[in-house]
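Participant: structural data only, the sequence is not supplied:
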């Protein structure tokens, strides 16, 4: 037959093999996003075309760059999946050379190539196993190297290694082994068949070739450091024209096929259904913090559960505040939503919050729990996102004070009219004592002995931004058990919210009619379930200025002086005065006093968390505590009274 027949046949077969290769490559991408097969075909044609003129397979970098440009997960996913592809190719070529040895003895000049691929494939496999066995050391090493560079480069390095690690994991866990093996075997069978027909084409031109000769020359040891086909064209100059036609035509066909709409649609058209995210975060700073945590090889249970919960979503923004639960604005194929999750004992506590929201859904304005999952080591639930909502903090600082106060009065009316009439019972001395022991004594002990606060305890007065305040030891008689038992004796118990800060009141802007609200994030771990706790919690915000302290990053502690920029707004001052007037008009003096003492206890309760999490910044919140103690002491009598 004419050599042209064999050339056409070999080109058609190898083109089909390339297409199957692309679908195998797509398996690695499909875990994270819908692959754009057309772009993969183009990138393969471009990369292999460059490999024909560049040494060391440098065209694969162009292949990775071009394929990753439009990927949701970026060029790092393109590069890591190309590396996986080449890793599997080396193993396959090594196996083929070993098989050729058993079919017939190799010529002496090919034994070196066989030894090279056996050593290369064995070495790669051994290194992979060593990395798996010593992955903690490897991760810390990668983090150490990346930390040398600025945050942008550090992020790119860690993201690349993260992508590579996840790709290898997903081959073992998520990718269909049947498809992977089928694509690989079929692809290489077609490659060898194409080499057979190309050898026949050369034989038809009077040259003596077999498919083994073609395979051996194309994958010779020296072929790695030289442009593709260099050895072939150097040794067989008479066959150079046919070789160039063979190689260039297949790549041209692959390139043209990339524009044929026979392949699967890309990510933008398919959305996010049934995909996991290589990194759930959208904010680069949050991504870098997560990667630094992962490559430090600590908090393994946290990382595992975190990915288990969040790898099928995108995290837009972290709204977490002062608790061990995390709240995030997220997105999936259905749209945006809020997700709140916690691990271990905090997960158990979060599940109590879910049950509370479900129990009181019909009697209070609360968020709908649209999804939830409770496992032994974690819990999460999702809430709808509404574009016309905002927290009361932002609302208060962008709307007239009358509207903000109207929202607060609506909250009080709703709570007093329904929640506080549920599970009512009288307070008892034993429960009050348990509350004092857990929330007062233990926390005072932690504050007095805190690393950054203990040096302050030797002073009678603390100068906060130049103004003198009595130090905590002065107020200890005011917080003794007998005094608090008397203050809380008339507290009635009922169902309560338990964490009624200004951030947990969400305002709904209505284009028609009055603005409304709903309440989020109840806390069920209060022991002393008095409605007075809720009012005291609101005082923590607008009386103590907690939210402004959270936004203050810098504090200076010198001797008995605590200095920081106090940004507390006039809006908070106005709301605080209105709330105090409201309580004087509607509550007895005993109840109002109880509320203010609960305000103190809320500050005592938050201090250990700030001491643990915020280091020197805990002095900010200690200053807030001293201001609250001074305020309550002036209103209701200080220590010893």
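Facilitator: Structure's in. What do you need? Quick caveat: nothing in here was measured; it's all calculated off a predicted structure.
Participant: how about residue 338, phi and psi?
Facilitator: Backbone torsions for residue 338, taken as degrees, to the nearest 10, come to phi -100, psi 140.
Participant: check whether it really touches residue 380, as I assumed.
Facilitator: No. In this structure residue 338 lies outside contact range of residue 380 using Cβ atoms under 8 Å: 10.7 Å. Placement of C-beta: from N, CA and C, glycine included.
Participant: which one's more surrounded, those two?
Facilitator: residue 380 (25 against 20; other Cβ atoms under 10 Å).
Participant: check which helix or strand covers that one.
Facilitator: If you go by DSSP states H and E, residue 380 is part of strand 378-384.
Participant: and that strand, average pLDDT?
Facilitator: On average, the pLDDT along strand 378-384 is 94.
Participant: run the chain-centre distance for that strand.
Facilitator: Distance of strand 378-384 from the chain centroid (Cα atoms, centre = their mean, to the nearest Å) equals 15 Å.
Participant: just stretch 534-553 next, same as before
Facilitator: For stretch 534-553, the separation from the chain centroid amounts to 28 Å (computed by Cα atoms, centre = their mean).
Participant: with stretch 73-82 instead?
Facilitator: Worked out by Cα atoms, centre = their mean, stretch 73-82 lies 19 Å from the chain centre.
Participant: quick one: contacts for the nearest residue to residue 49 once chain neighbours are set aside?
Facilitator: Nearest non-adjacent residue to residue 49, counting by Cβ to Cβ, 6 or more residues apart in numbering: residue 251, 5.3 Å away. Contact analysis of residue 251 by Cβ atoms under 8 Å, 6 or more residues apart in numbering lists 45, 48, 49.
Participant: roughly how far apart are the residue lying farthest from the centre of the chain and residue 238?
Facilitator: Each residue of the chain has a distance to the centre, and by Cα atoms, centre = their mean the biggest one is for residue 206: 63.0 Å. According to Cβ to Cβ, to the nearest Å, residue 206 and residue 238 sit 9 Å apart.
Participant: can you check residue 581 too?
Facilitator: As defined by Cβ to Cβ, residue 581 lies at a distance of 102 Å from residue 238.
Participant: what's the answer for residue 622, then?
Facilitator: According to Cβ to Cβ, residue 622 and residue 238 sit 88 Å apart.
Participant: more crowded one of these two?
Facilitator: A direct count of neighbours by other Cβ under 10 Å for residue 622 and residue 238 places residue 622 higher, at 26 against 11.
Participant: report the contact partners of that one.
Facilitator: Residues near residue 622 by Cβ under 8 Å, 6+ apart: 447, 453, 456, 472, 562, 607.
Participant: could you report the pLDDT at the last one?
Facilitator: When you say that, I think you mean residue 607. pLDDT, residue 607: 95.
Participant: just give the nearest non-adjacent residue to it, would you?
Facilitator: residue 447 (5.1 Å).
Participant: wait, the one you found touches residue 475, no?
Facilitator: No. Applying Cβ under 8 Å, one finds residue 447 not in contact with residue 475, separated by 11.4 Å.
Participant: mind checking which of the contacts of residue 622 land in strands?
Facilitator: residue 562 (DSSP state E).
Participant: for the contacts of residue 622, which ChimeraX command selects only the ones that are buried?
Facilitator: The buried residues among the contacts of residue 622 can be selected in ChimeraX (16 or more other Cβ atoms under 10 Å) with this line:
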select :447,453,456,472,562,607
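Participant: from the contacts of residue 622, which land in helices?
Facilitator: Those of these mapping onto helices are 447, 607, per DSSP state H.
Participant: residue 13: which of the contacts of residue 622 is nearest?
Facilitator: residue 607 (73.7 Å; Cβ to Cβ).
Participant: now that closest one: how far from residue 292?
Facilitator: Residue 607 is 28 Å from residue 292, by Cβ to Cβ.
Participant: now residue 172
Facilitator: Distance, residue 172 to residue 292, using Cβ to Cβ: 25 Å.
Participant: what does residue 552 give?
Facilitator: Taking Cβ to Cβ, one finds residue 552 at 25 Å from residue 292.
Participant: please apply the same query to residue 374.
Facilitator: Residue 374 is 30 Å from residue 292, by Cβ to Cβ.
Participant: what of residue 152?
Facilitator: 14 Å.
Participant: which one of the two is surrounded by more residues?
Facilitator: More crowded of residue 152 and residue 292, by other Cβ under 10 Å: residue 292, with 16 against 10.
Participant: okay, now the residue lying closest to residue 451 once chain neighbours are set aside: neighbour count?
Facilitator: Sequence neighbours aside, residue 611 is the residue nearest to residue 451 in space, at 7.6 Å (criterion: Cβ to Cβ, 6+ apart). Look at residue 611: counted by other Cβ under 10 Å, it has 22 neighbours.
Participant: return the residues in contact with residue 611.
Facilitator: Counting by Cβ under 8 Å, 6+ apart, residue 611 has contacts 446, 447, 450, 451, 452, 453, 618.
Participant: now the buried members of the residues you listed.
Facilitator: By neighbour count, with 16+ other Cβ under 10 Å, these hold 446, 447, 450, 452, 453, 618 as buried.
Participant: tell me which two of those residues sit farthest apart.
Facilitator: Longest span within these, Cβ to Cβ: 446 and 452, 12.2 Å.
Participant: pull the number of nearby residues for residue 514.
Facilitator: For residue 514, the count of nearby residues is 10 (other Cβ under 10 Å).
Participant: just give the nearest non-adjacent residue to it, would you?
Facilitator: Spatial nearest neighbour of residue 514, excluding adjacent residues (Cβ to Cβ, 6+ apart): residue 406 at 7.5 Å.
Participant: look up how far residue 517 lies from the one you found.
Facilitator: Per Cβ to Cβ, residue 406 is found 10 Å from residue 517.
Participant: next: residue 495.
Facilitator: Separation of residue 495 from residue 517 (Cβ to Cβ): 19 Å.
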